[in-house]
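Colleague: My questions concern the predicted model and sequence given below.
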2 protein chains.
Amino acid sequence: MAEQTFKALLFDVFGTVVDWRSSIIAEGEAFGRAKGHEQFRDIDWAAFADGWRAKYQPAMKRVRMGETGWIKLDDLHRSNLDELLEEFSISGLSEAEIDHWNKVWHRLNPWPDTVAGLTRLKQKFVLATLSNGNVALIVNMAKHGGLPWDAVLGAEVAGHYKPQPEAYLKTAAFLGLAPGECLMVAAHNADLLAAGGCGLGTAFVSRPTEYGPEQDFDNTAENEYNYAATDFLDLANQLGC
Amino acid sequence: MAEQTFKALLFDVFGTVVDWRSSIIAEGEAFGRAKGHEQFRDIDWAAFADGWRAKYQPAMKRVRMGETGWIKLDDLHRSNLDELLEEFSISGLSEAEIDHWNKVWHRLNPWPDTVAGLTRLKQKFVLATLSNGNVALIVNMAKHGGLPWDAVLGAEVAGHYKPQPEAYLKTAAFLGLAPGECLMVAAHNADLLAAGGCGLGTAFVSRPTEYGPEQDFDNTAENEYNYAATDFLDLANQLGC
């Protein structure tokens, strides 16, 4: 693929930058121990995390299809959580406890290489988020995990959820850049295909345990991308940072 | 004034965070020396900087009044620069040189206390920009000056120039905060009056040479604000950072 000069790296966040599944499981187990009551102690928190995430794409699809006006991800997460609490027969939580639980997405932990990798990449590139997470979620997560973003952009600011083209194109435009000056970094082949279709460069980063030890998709780069890296440190090496 | 618990500080940028006037004068003088030709050598760069800034509010007013759709500040700056080059009888610049000149606003230098003050404030608060500058301008300025923002928000993302209420209210909403959880920090009384009118807290920071040594307005806090500080270090002291 031809050499290109990228000025900004645009990052998918859930799964690419942070380990949502392990973070939710860990917080769930701590919550269960703290509550004591058996209805919380016996919950399969891995199934809970996977169930919550499984409701993510269908919820955004309703927004993408125009069945509703814009709903930010915090609110989609909350509707999905309300369903999930019923499905797991969890009851008796206060509104404050449910709200706190919903904001576990603001407290997801970075992968071990994330902060060191971003810190190196930031010396040479503008680092912006291009996530479906809303601004508050991504800003709070950055405070929690020490993620050194130059800008928090993406779906909410663009008014469109990925993989709609506007999400990618408006993010580049906010940075004053042509699509080809931006390199999309993601652990998901579908995200990179959509970004590439909009003219952005593409970098695949492997996160083979994002969906747990049995993950059988998105383990490898399935298309020709500008870069394919094992983690952010490898990406920094390949980009000369 | 009653004690409030602020979670985010929202910053005016031009004049409050960076010294636009001295930065433009310094770059103009260096440009004049580099070009050599007397038409550039003899320019009064202080008058040039002041003239450019004087066209700022009238240009935004046309957008605010709905005489035109959204125009980002980089483009307003460019129209104003084209006029200014004529007024100063500056000719013979290439398109690349004019574009580079227009982006001097991306290369403004922080006041001496800015980076140290923001670094302290960032330990306790979310720091976001609430400037009329567009995202690319503020992001590039942050890279240039080492400004540690958590989020770059404000006029372009809100689709409204200050002092329109939407600029303040949408910025707070993007952060998932009520207006009263946000503290607007500015060196300009009009900006703080508008922010206070929207329910935000207000902090005046003195920048008595922003408009040069003869500045005879905005030298002091003219209204009752939550805080009035001499610089960002004083503000950090007052906020317990």
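Modeller: All right, it came through fine. Numbers count the residues shown, from 1 in each chain, chains lettered A, B, ... in the order given.

Colleague: tell me the phi and psi of the closest residue to A:R207 other than its chain neighbours?
Modeller: Nearest residue to A:R207, sequence neighbours excluded (CB to CB, 6 or more residues apart in numbering or on different chains): A:A187, at 4.0 Å. (Glycine included, C-beta is placed from N, CA and C.) When read as degrees, to the nearest 10, the backbone of A:A187 gives phi -100, psi 10.

Colleague: Residues contacting the lowest-mean-pLDDT helix or strand in chain A, please?
Modeller: When the helices and strands of chain A are scored by mean pLDDT, DSSP states H and E, helix A:38-41 comes last with a mean of 73. By CB atoms under 8 Å, 6 or more residues apart in numbering or on different chains, the residues outside helix A:38-41 that reach it are A:F31, A:G32, A:R33, A:K35, A:S89, A:I90, A:S91, A:G92.

Colleague: just to revisit the earlier point, what's the distance between the residue nearest to A:R207 and B:G180?
Modeller: Using CB to CB, to the nearest Å, A:A187 is found at 39 Å from B:G180.

Colleague: repeat for A:L239
Modeller: 43 Å.

Colleague: Compare these two (neighbour count), which wins?
Modeller: For A:L239 versus B:G180, neighbours defined as other CB atoms under 10 Å in any protein chain shown are more numerous around A:L239 (18 against 15).

Colleague: And that one, how close does it get to chain B?
Modeller: 16 Å (CB to the nearest CB, to the nearest Å).

Colleague: Phi first, then psi, for that residue.
Modeller: The phi/psi pair for A:L239 (degrees, to the nearest 10) is phi -90, psi 10.

Colleague: repeat for A:A46
Modeller: With angles defined as degrees, to the nearest 10, A:A46 sits at phi -70, psi -40.

Colleague: how about the residues of chain A near chain B?
Modeller: By CB under 8 Å from any CB of the partner chain, the part of chain A that sits against chain B consists of A:74, A:126, A:128, A:134-137, A:139-140, A:142-143, A:149-153, A:156-157, A:174-177.

Colleague: repeat that with 10 Å
Modeller: Residues of chain A lying close to chain B by CB under 10 Å from any CB of the partner chain are A:7-8, A:72, A:74, A:103, A:106, A:122, A:125-129, A:134-140, A:142-143, A:147-153, A:156-158, A:171, A:173-177.

Colleague: need the strands for chain A, in chain order.
Modeller: For chain A, the strands defined by DSSP state E cover A:8-11, A:126-129, A:151-152, A:182-186, A:201-205, A:227-229.

Colleague: any chance of these in TSV, plus mean neighbour count and mean pLDDT?
Modeller: Putting these into TSV (neighbours: other CB atoms under 10 Å in any protein chain shown; pLDDT from 0 to 100) gives the following:
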stretch	mean neighbour count	mean pLDDT
strand A:8-11	27	98
strand A:126-129	24	98
strand A:151-152	28	98
strand A:182-186	28	98
strand A:201-205	26	98
strand A:227-229	19	98
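
Colleague: out of these, which comes closest to B:L192?
Modeller: Of all the strands of chain A, it is strand A:151-152 that lies closest to B:L192, at 25.0 Å by CB to CB.

Colleague: Distance from the closest one to the middle of the chain?
Modeller: 14 Å (CA atoms, centre = their mean, to the nearest Å).

Colleague: List the strands paired with it, with their directions.
Modeller: Here strand A:151-152 has these sheet partners by DSSP bridges: strand A:126-129 (parallel).

Colleague: Fine by me, we can end here.
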